[in-house]
Every structure is written in C-alpha cells, then in structure tokens.
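Student: With the input below, show me the fold.
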Amino acid sequence: MTVLCRSGPQTSSAGLSCIRHNQHEAEQLRAQQAQGKPYCLCLLLAAEVAIETGTFFDADNFHDSSQDHFNSTAHDSDSDTNSIHTREVRNANMHAAWSAQIHVLADAYLHWKHSPRDNTESHQAVHRFHIIKIDIFNYHPVFGLLGCSPTTPTVAITLQCLELCHQLRHRQSSFSIQAFTKVLCALHNVTYIKSFHEQFTIAFNVYLAIIREVQSRIDVALGRSDPDWRLHNSCPACTVKQPDKVPLFPASLSAMDGNNSAKRMDSVGSTDHRIFPSRYMITSSDVDRFKDDVSLSANSASGSENTVHMFEQTGIFLSACRHGIIQTLTEMRCSGELAKYPLATINKLIDVFGDHLGIGTNIGCSLRKTKAADHHLILAVNAFHGHAHNHKCQLQHHPLYLCGFGLEDLETCERVFTASNAAAPLIHHASHFHYVQFLELHFGQWDIDKYLELSWFLLNNYKQALTMISDYTKELEAYCATFPEEELDFESWIAEEFAYLEAVAVEPAQDATAVEYIEALKKLEKC
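Tutor: Numbering: from 1, shown residues only. Sure, this is the predicted structure:
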C-alpha cells in the first residue's frame, strides 16, 4: 500500500514484498505462456489483476483463493473473455485500487493541508524509492505528492500543482488538462509527450475524488447528508422563510430550459464504468417516469426518442432560480427537448419546495394539465420566447401580465448557457463519468459566484424598482389629470382583450370585405 506522508509517499514492507513477488510470478507465467501452455493464460491474467489491485497472488492455490477474485473482476468489466489484457480490465483494476485507498488518501491530504509546511518528519522512512516530482516553480521538501499509479508510482505530482489546475478549471471551463500539461512542459523546458497528459489525468481525477471525500465528511459532520440539502439551502433569498412575513405568491421564481451544446458522442469512454455522484442530476429512471405522460415536445424536429444516433447525450436540461443558482440538471439522452424533461424537473421542484411555485419555460403554456395544477404551480412563458407565441397565449402566460412576477423575464437559463457553453468542447468526447464531472465543476463554481453576487443583485433590483415606481407614478398622475373620468383598471383591460380575441377567432366578414375593397382601390390606382 502506498500512502502520501509529509516526508513523501511511503510503501509498507509487506506491500513492497507483495509487489515484487507478484511481478516475479507474472514474469514466470509469461515465459510459460510463450511455451504454449493454455492454462497459464488464466494464471497470467490473474497475476496481472493481483498486481494492479495490490492483492497477493498464489499460483499454487489459484483455484482455491484467487479464482473468485479473478472471475468477478473479469465479469464486472464486461470485457472479452478471450482478451488477456483489455483496456476495460486495466481501468477497472486501477479504479478499484484507487477506491480502496481513497479514505487513507483523504486523511493524508487533510494532514498535509493543515500541518506546517516548513518541517519534515524527524523519523526516517522504512523504505525509500525514487520518483519524478512535478511542481510548478519552486522547490519544497518532498511531501504533499500524489502518485500517478495506485500501486507502483514512478511519477508524482504536488498537490499545489493539482490544486492550481483545479482552480483554473473552475475559472475557465474550456481550459483542458492537455493545455495545462503543455504549460508545465514549457516551464520545465521538457518536450511534451502524450503520456504526460495520461499521467496528469489519472492524478487529477484522484485528487478530485479526494476533494469529494473530504466534502462528504464535512457534510456528514454538519448534518448535510440529506440528498436534497443543497436544493433546500442553495439560495437563501429563495429558500429561507422569515417569520411574521406576508407569504409571497408565487413563493419563488425559477426558470428551466434545454441546451443542445453539451453533447457527448455515443460509445465514447465505454471502458469507464464509474458513476459520478452528482449533486445536481435527476436520474434517468426518474425522468423516464414521464415519457408517456405528455406526447408534446418543445419543437417538432426533436419530438421523439432515438432521433439522433451520433450522440448518447444530446444536451442538458436544467432549472435555476431567478438569482441564477442552479437547482436541477438532467441529461437529454438520444433525443431532443422532450416534454419528459420539464415534467421531471417540475416534479422534483414540487417535491422539494412544495406549492405555489412560479416557473418559466418556453413551453409553459402546454404543461398545465399535469401535477402542476394540483399544487397551484404557475407556469409562465419566458419573456423572449413568449413574444413568439400567439396573442392569447401571451395574455395568459407572459410574465408581463402575471401578478407577482415583477420585472422578471425568466430568461435565466440563457445566461447560464452562455457560460456553460465554454465547457462543451471538452465533454464531446469524454466518458460519461468525466462528462458529468466537468459539468459539476463548472456549475459548482457558477453557484459560488452567484452566491457572492447575491447581495449586489438584490440591491440593484431594489434600486431599479424604486426608480421605476418614482418615474411611472408621475406619468400615471399626469394621465389621470388629462383623462379624469377614465378608470385605470389594468387587470380588467387584460380580461377584456382576451375576451375580444376569443370572440374574433375568425376574422369578421365586414373586416374581410373592407380589406378586399382597399386592395382593389390600390390596384385601380396603379392602373
């Protein structure tokens, strides 16, 4: 077992002996395999699995003790049984070895982070070995390193270097690991080769897993282990209820929409079977519950499943509160923007936040005959999209005519997608695990930024509201002085306009005759 310590990565005596013993046996088995013995193929793969996972392998008792471990590893990876060294098996073994060490690595990371940096351990390590250390600029005592292999590291990267890459990815979602490794090569005057990218990717993924492990411990210690805790507490302006305050109606405002830029190619990364523990994603099973509820889609070109065969993920569908903080995220899989995605999103928001919500979506006018009606949900059409709908739809669903929506345009998702599109080039050819991980990195930083801007956002909106009240009050008073007998009942005007449009669904005959008469006069004038 290799563990990060302040004096460097250390491997126990038993661990080194086990590694050397397994390597020696693997070499002997390869020699036997070259002589044409069929049975040694299974022994060879079992020995290599043991080396990758760091377990002990005894060739004499192979059927008694190691066969079950070998079979489970091979079957779990769904690899070709005739292949003795597939990429799928190697990935599964590597991920299993890292997972077995993640708790110890998290402990070592916390010890390194919260200990003095200018001192080294007084005692000497039992075993010493040489590795290549990759840092940014400065020399430090050899501690705070993360190896690029779970069992036999030859290259280790400093945690400061990994954290720098982590923060760069937070601030610039289009910044790739390949670009970062090329920067390191330029700083150290080293020619870039592909293996640098692969080694750094392994270490960076493990570093992110360590960060997630530390965060999960914090969540447990603070009582935040509820899966919906983030939704309940992500935006204090939307979720915190003050006592003795008049309840708002709608209780909160959100927007939801789909984005087709976040695509992922089909069959890419098929050897990586890990599932990313997302804090945002609505599971595919929860989404598919609504696939038969509404046959309507956002547009006719994407109204059925399996319309796009090149992509496994054809985009994302998300919801965000009016302050820009992300609430839910859904993968659009092998389809366009089907109605099941907004229905699953609405179902999740109602389950978490309860009744009297206000949600804007470009097909809000078609989703009212669902669970929304039972929970007094107000579905509006986004301000920009709403002007493309017919006039009757605007009078019913446009936020301009709905009480409680104020100046909100419900186009929050468009602003979110403007930023998230930067991550699109890096996820088109990523595995599903890395696809979700990259999106999680981006939206996690997005939420932090929006949380920091929340007070400024509220202050500016308050100033804008006061200015508009002051300016338009003067205009209304001037209008009332000019027309003292006219009643300014705006709500009744909307009802009257809607009733008029209902009554004139078909153009009156007299209007059609008048139009034809005018057109005839124009033709006569040209003659």
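Student: tell me the contacts of residue 290?
Tutor: Contacts for residue 290 (CB atoms under 8 Å, 6 or more residues apart in numbering) come out as 339-340, 343-344, 347. Just so you know, the C-beta spots here come from the backbone N, C-alpha and C atoms, and that holds for glycine as well.
Student: Residue 263 versus that one, what's the distance?
Tutor: In this structure, residue 290 lies at 22 Å from residue 263, with CB to CB, to the nearest Å as the measure.
Student: swap in residue 501?
Tutor: According to CB to CB, residue 501 stands 40 Å off from residue 263.
Student: Residue 431 now?
Tutor: In this structure, residue 431 lies at 14 Å from residue 263, with CB to CB as the measure.
Student: which SS class is residue 481?
Tutor: helix (DSSP: H, G, I helix; E, B strand; the rest coil).
Student: Can you report how many residues neighbour it?
Tutor: Residues within reach of residue 481, counting by other CB atoms under 10 Å, total 8.
Student: mind checking pLDDT for it?
Tutor: The predicted local confidence for residue 481 comes out at a pLDDT of 86.
Student: Run through the residues that contact the spatially closest residue to residue 233 that is not a sequence neighbour.
Tutor: In space, not counting the residues next to it along the chain, residue 233 is nearest to residue 239; the distance is 6.2 Å by CB to CB, 6 or more residues apart in numbering. Under the criterion of CB under 8 Å, 6+ apart, the neighbours of residue 239 are 232-233, 252, 353.
Student: from those residues, which ones fall inside strands?
Tutor: Judged by DSSP state E, the contacts of residue 239 include residue 252 as members of strands.
Student: Just flag the most distant two among the contacts of residue 239.
Tutor: Maximum pairwise distance in the contacts of residue 239, criterion CB to CB, is 13.4 Å, between 233 and 252.
Student: who's more crowded, those two?
Tutor: Higher neighbour count among residue 233 and residue 252: residue 252, with 20 against 12, using other CB under 10 Å.
Student: what's near enough to touch the more buried one?
Tutor: Contacts of residue 252 were listed using CB under 8 Å, 6+ apart, and they are 238-239, 321-322, 353, 357-358.
Student: Identify, from those, the entry nearest to residue 425.
Tutor: Using CB to CB, residue 321 is the member of those that lies nearest residue 425, at 27.9 Å.
Student: how about the residue nearest to residue 269 when sequence neighbours are not counted, what does it touch?
Tutor: With CB to CB, 6+ apart as the measure, residue 431 is the residue that lies nearest to residue 269, at 2.3 Å, once sequence neighbours are left out. Residue 431 makes contacts with 268-272, as judged by CB under 8 Å, 6+ apart.
Student: tell me which of those is nearest to residue 115?
Tutor: Using CB to CB, residue 272 is the member of the contacts of residue 431 that sits closest to residue 115, with 34.2 Å.
Student: quick one, phi/psi of that closest one?
Tutor: Per-residue torsions, residue 272: phi -100, psi 110 (degrees, to the nearest 10).
Student: Quickly note the distance from the residue nearest to it when sequence neighbours are not counted to residue 200.
Tutor: The spatially closest residue to residue 272, leaving aside those adjacent along the chain, is residue 431, at 4.1 Å (CB to CB, 6+ apart). Counting by CB to CB, the separation of residue 431 from residue 200 is 16 Å.
Student: Residue 263 contacts residue 311, correct?
Tutor: Yes - counting by CB atoms under 8 Å, residue 311 is a contact partner of residue 263 at 4.8 Å.
Student: Looking only at neighbour counts, state which of the two leads.
Tutor: For residue 263 against residue 311, the residue with the higher neighbour count under other CB under 10 Å is residue 263, and the figures read 21 against 18.
Student: per-residue pLDDT, that one?
Tutor: As summarised for this prediction, residue 263 has a pLDDT of 89.
Student: Kindly report the same for the one 5 residues further on.
Tutor: Here, the pLDDT recorded for residue 268 equals 78.
Student: and it, that one's in a strand?
Tutor: No - residue assignment for residue 268, taken from three-state DSSP, gives coil, which places it outside any strand.
Student: end to end, how far does stretch 334-344 reach?
Tutor: Taking CA to CA, to the nearest Å, the first and last residues of stretch 334-344 lie 17 Å apart.
Student: Show me which positions of stretch 229-236 end up buried.
Tutor: Using 16 or more other CB atoms under 10 Å as the test for burial, stretch 229-236 gives 230-231, 234-235.
Student: Check stretch 272-285 too.
Tutor: 272-274, 276, 279-282.
Student: Out of those residues, which comes closest to residue 422?
Tutor: Using CB to CB, residue 280 is the member of the buried residues of stretch 272-285 that sits closest to residue 422, with 17.4 Å.
Student: Give the phi and psi angles for the residue lying closest to that closest one once chain neighbours are set aside, as a check.
Tutor: Leaving out its chain neighbours, the residue that sits closest to residue 280 by CB to CB, 6+ apart is residue 329, at 3.9 Å. The phi/psi pair for residue 329 (degrees, to the nearest 10) reads phi -140, psi 140.
Student: check contacts around residue 329.
Tutor: For residue 329, the residues meeting the contact criterion (CB under 8 Å, 6+ apart) are 278, 280-282, 316-318, 439, 443.
Student: In JSON lines: the residues you listed, plus distance to residue 509 and pLDDT.
Tutor: Putting those into JSON lines (distance: CB to CB, whole Å; pLDDT from 0 to 100) gives the following:
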{"residue": "278", "distance to residue 509": "60", "pLDDT": "90"}
{"residue": "280", "distance to residue 509": "56", "pLDDT": "93"}
{"residue": "281", "distance to residue 509": "57", "pLDDT": "93"}
{"residue": "282", "distance to residue 509": "52", "pLDDT": "92"}
{"residue": "316", "distance to residue 509": "50", "pLDDT": "93"}
{"residue": "317", "distance to residue 509": "46", "pLDDT": "94"}
{"residue": "318", "distance to residue 509": "49", "pLDDT": "93"}
{"residue": "439", "distance to residue 509": "57", "pLDDT": "93"}
{"residue": "443", "distance to residue 509": "57", "pLDDT": "94"}
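Student: about what we covered before: for the contacts of residue 239, which one is nearest residue 451?
Tutor: For the contacts of residue 239, the residue nearest residue 451 by CB to CB is residue 233; the value is 10.7 Å.
Student: gap between the closest one and residue 244?
Tutor: Here the distance between residue 233 and residue 244 works out to 21 Å (CB to CB).
Student: do residue 510 as well
Tutor: Looking at residue 510 against residue 244, where the rule is CB to CB, the gap reads 59 Å.
Student: So for the two, which residue has more residues nearby?
Tutor: residue 510 (8 against 4).
Student: That one belongs to a strand?
Tutor: No - assessed with three-state DSSP, residue 510 is helix; it does not lie in a strand.
Student: Show the residue spans covered by the helices in the stretch 401-527 of the chain.
Tutor: Taking DSSP state H, counting those that start in this stretch to define them, one finds helices in the stretch 401-527 of the chain at 412-420, 424-427, 432-452, 454-482, 490-503, 509-526.
Student: which stretch among these comes nearest residue 158?
Tutor: Shortest distance between residue 158 and the helices of the stretch 401-527 of the chain, using CB to CB, is found for helix 432-452: 20.2 Å.
Student: hey, C-alpha coordinates of the closest one in CSV?
Tutor: The C-alpha trace of helix 432-452 is given here as CSV (Å, rounded to 0.1, in the frame of the first residue of the first chain):
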residue,chain,number,x,y,z
HIS,A,432,-19.9,9.6,-19.1
PHE,A,433,-18.1,9.9,-15.8
HIS,A,434,-15.9,12.8,-17.0
TYR,A,435,-18.9,14.3,-18.8
VAL,A,436,-20.8,14.7,-15.5
GLN,A,437,-17.6,15.6,-13.6
PHE,A,438,-16.8,18.5,-15.9
LEU,A,439,-20.3,19.9,-15.8
GLU,A,440,-20.3,19.5,-12.0
LEU,A,441,-17.0,21.5,-11.8
HIS,A,442,-18.5,24.3,-13.9
PHE,A,443,-21.8,24.6,-12.2
GLY,A,444,-20.3,24.3,-8.8
GLN,A,445,-18.2,27.4,-9.4
TRP,A,446,-21.1,29.1,-11.1
ASP,A,447,-23.2,28.7,-8.0
ILE,A,448,-20.4,30.0,-5.8
ASP,A,449,-20.0,33.1,-8.0
LYS,A,450,-23.8,33.8,-8.0
TYR,A,451,-23.9,33.4,-4.2
LEU,A,452,-21.2,36.0,-3.8
